[in-house]
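J.: Any chance you could fold what I've pasted below:
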Amino acid sequence: MAATVIIAADKLRAAVRHICLAGGSNEREAALVAENLVLANLSGHDSHGVGMLPQYILAVVEKRLKVNASVRVLSDAGAILNLDGNMGYGQVIGHEAMELGILRAKDLGACIVSLRNSHHIGRIGHWGEQCAAAGLVSTHYVNVVGRPPLVAPYGGADARFATNPYCCAIPAAEPGGEPIVLDMATSKIAMGKVRVAMNKGEQVAPGTLIDAKGAATTDPKTMFNPPIGAILAFGEHKGYGLAVIAELLAGAMTGGVTMHEGSWASGTITNNMFSVIIDPAKLGGAETWRREVAAFTDFVKASPKAPGSDGVLVAGEPERRMRAKRAAEGIPVDATTWGEIVAAGESVNVSAAETNSVAGAA
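T.: Predicted coordinates:
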């Protein structure tokens with residue numbers, strides 16, 4: 001097989017859907033998982049794309065991920081919804097949680113959504129985009145438990161928490177416009193990007209990882225071959241501080257679990273998410289909101305290009321550019337990752353030939 005296979009988005013969605021169906025998912029679940037993962041690849045975030053499927057299918061086979069599970073409302077206090085994900089596919093659980101929060105925010109003006117006990121909910125920007133498409137502002141804090149810690153605290157030499165992402169999404173100023181979506185890990189890079197680098201046989205950037213002795217390294221294998229090292233937080237104490245806030249809001253305030261000794265005993269990815277969804281029209285007014293978002297965005301983007309730069313972009317624009325490029329040219333999947341996906345299919349009785357045929361990669 002070539003070092004990289006190029007697969008059209010619709011074919012890749014079909015392959016993921018086919019494998020999920022074979023793993024026991026119903027049509028709706030398989031479609032949501034496939035759409036979510038492939039959109040991450042289209043957006044340039046291969047770390048949260050189809051390369052996650054092997055981990056998901058292994059968890060399904062080992063019954064650590066429950067197929068066809070839905071979100072459960074634990075308590076409803078009007079503007080506060082307390083939800084449980086029942087360890088279902090996060091692509092389904094996140095979608096359902098945001099649907100509930102969007103409806104409530106449109107009715108009441110705001111909604112806090114407390115979600116615990118979901119399997120991996122993927123690219124958090126997906127949920128921000130779902131809220132923004134409904135005309136709502138949202139912020140999301142996520143923590144990760146169920147597996148050993150990955151990220152070192154500022155000043156520390158070993159891992160004490162996970163990549164704990166933060167997202168804030170601002171809807172478009174005008175109908176048909178594009179939202180601003182800030183979506184980031186609080187670590188220098190997401191763990192999935194370390195996996196992608198390892199599968200491609202590449203090094204990571206200096207200042208990203210430390211080994212098990214606390215020494216700087218660029219070898220991604222340090223996060224996979226014991227003794228395990230750690231990823232560093234972005235922005236030194238600033239990223240570390242935001243990671244702590246995400247851990248406590250998502251892990252503790254939702255009624256979930258924070259990272260501490262024993263919290264990774266389950267051996268599977270568990271996400272908790274604390275979201276605040278707001279209707280901006282209920283505050284300063286829709287007209288003011290649209291005018292000021294457009295005016296500020298235009299002002300910032302009018303800054304002259306810095307030497308060697310392509311000019312000023314706002315959060316969400318790089319992903320949209322990449323989506324257009326990959327929609328036209330296809331999605332690159334490195335041979336190691338594709339081999340893992342094919343093997344995941346085989347574990348649920350989908351032959352390699354069948355997966356390759358559905359994906360057009362034969």
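J.: Report all helices and strands that the helix or strand where residue 5 lies contacts.
T.: Counting by DSSP states H and E, the element that carries residue 5 is strand 4-7. Helices and strands touching strand 4-7, as assessed by 3 or more C-beta pairs under 8 Å, 6 or more residues apart in numbering; DSSP states H and E, comprise strand 331-334, helix 335-347. Backbone N, C-alpha and C define where each C-beta goes, glycine included.
J.: I'd like those written out as TSV, with mean pLDDT and mean neighbour count added.
T.: As requested, the helices and strands packed on strand 4-7 are exported to TSV (pLDDT from 0 to 100; neighbours: other C-beta atoms under 10 Å):
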stretch	mean pLDDT	mean neighbour count
strand 331-334	95	21
helix 335-347	96	20
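J.: Take those and lay them out in CSV including distance to residue 202.
T.: Below are the helices and strands packed on strand 4-7 laid out as CSV (distance: least, C-beta to C-beta, whole Å):
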stretch, distance to residue 202
strand 331-334, 10
helix 335-347, 11
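J.: and of those, who's closest to residue 248?
T.: Among those, the nearest to residue 248 by C-beta to C-beta is helix 335-347 (33.7 Å).
J.: Which positions within the helix or strand following the closest one qualify as buried?
T.: Toward the C-terminal end, the helix or strand that comes next after helix 335-347 (DSSP H and E) is helix 352-359. The neighbour-count check on helix 352-359 (16 or more other C-beta atoms under 10 Å) flags 354, 355, 356, 358, 359 as buried.
J.: just the helices in the stretch 1-150 of the chain please.
T.: Counting by DSSP state H, counting those that start in this stretch, residue ranges of the helices within the stretch 1-150 of the chain are 9-22, 27-42, 53-61, 90-108, 125-133.
J.: deepest of the ones you listed, which one?
T.: Most buried of the helices of the stretch 1-150 of the chain by mean neighbour count (mean count of other C-beta atoms under 10 Å) is helix 125-133; its value is a mean of 25.
J.: returning to that earlier point: okay, buried residues for the strand holding residue 5 please.
T.: Quick answer for strand 4-7 (16+ other C-beta under 10 Å): 5, 7.
J.: Alpha carbons only: can I get that strand in PDB?
T.: What follows is strand 4-7, C-alpha atoms only, in PDB (Å, rounded to 0.1, in the frame of the first residue of the first chain):
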ATOM      1  CA  THR A   4      -0.800   7.600   2.000                       C
ATOM      2  CA  VAL A   5      -4.200   6.800   0.600                       C
ATOM      3  CA  ILE A   6      -6.400   9.500  -0.700                       C
ATOM      4  CA  ILE A   7     -10.100   8.900  -0.100                       C
END
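J.: Setting aside sequence neighbours, what's the nearest residue to residue 217?
T.: Nearest residue to residue 217, sequence neighbours excluded (C-beta to C-beta, 6 or more residues apart in numbering): residue 211, at 4.7 Å.
J.: so how many other residues sit close to residue 218?
T.: Close neighbours of residue 218, defined as other C-beta atoms under 10 Å, add up to 14.
J.: Nearest residue to it in space, ignoring adjacent ones along the chain?
T.: residue 203 (4.1 Å).
J.: and that neighbour, what is it in contact with?
T.: 197, 218, 219, 220 (C-beta atoms under 8 Å, 6 or more residues apart in numbering).
J.: Just the buried subset of the residues you listed, please.
T.: 197, 219, 220.
J.: Hmm, the last one is touching residue 194, no?
T.: The reference is to residue 220. Yes - here residue 220 reaches residue 194: they are 4.7 Å apart, a contact under C-beta atoms under 8 Å.
J.: overlap in contacts of those two?
T.: Between them, residue 220 and residue 194 share the contacting residues 204, 209, judged by C-beta under 8 Å, 6+ apart.
J.: ok so, going back, quick check: which of the helices and strands packed on strand 4-7 is nearest to residue 115?
T.: When these are ranked by proximity to residue 115, the top entry is helix 335-347, at 26.1 Å, counting by C-beta to C-beta.
J.: For the closest one, name the packing helices and strands.
T.: strand 4-7, helix 9-22, helix 53-61, helix 191-200, helix 352-359.
J.: Enumerate every residue touching the residue nearest to residue 217.
T.: 217, 219, 222, 229.
J.: So which of the residues you listed are in strands?
T.: Judged by DSSP state E, those include residue 217 as members of strands.
J.: Retrieve the pLDDT associated with the nearest residue to residue 137 once chain neighbours are set aside.
T.: Of all residues not flanking residue 137 in the chain, residue 278 sits nearest, at 4.6 Å (C-beta to C-beta, 6+ apart). Predicted confidence (pLDDT) for residue 278: 97.
J.: give me phi/psi at residue 278?
T.: Here is the backbone geometry of residue 278 (degrees, to the nearest 10): phi -130, psi 140.
J.: Surely it touches residue 106?
T.: No - contact criterion C-beta under 8 Å: residue 278 and residue 106 do not qualify, at 10.6 Å.
J.: list residues touching both of these two?
T.: Joint contacts of residue 278 and residue 106 (C-beta under 8 Å, 6+ apart) are residue 136.
J.: what sits against the one residue sitting closest to the centre of the chain?
T.: Taking C-alpha atoms, centre = their mean, the centroid of the chain lies closest to residue 123, which sits 1.7 Å from it. Contacts here follow C-beta under 8 Å, 6+ apart; on that basis residue 123 touches 36, 39, 40, 43, 45, 48, 183.
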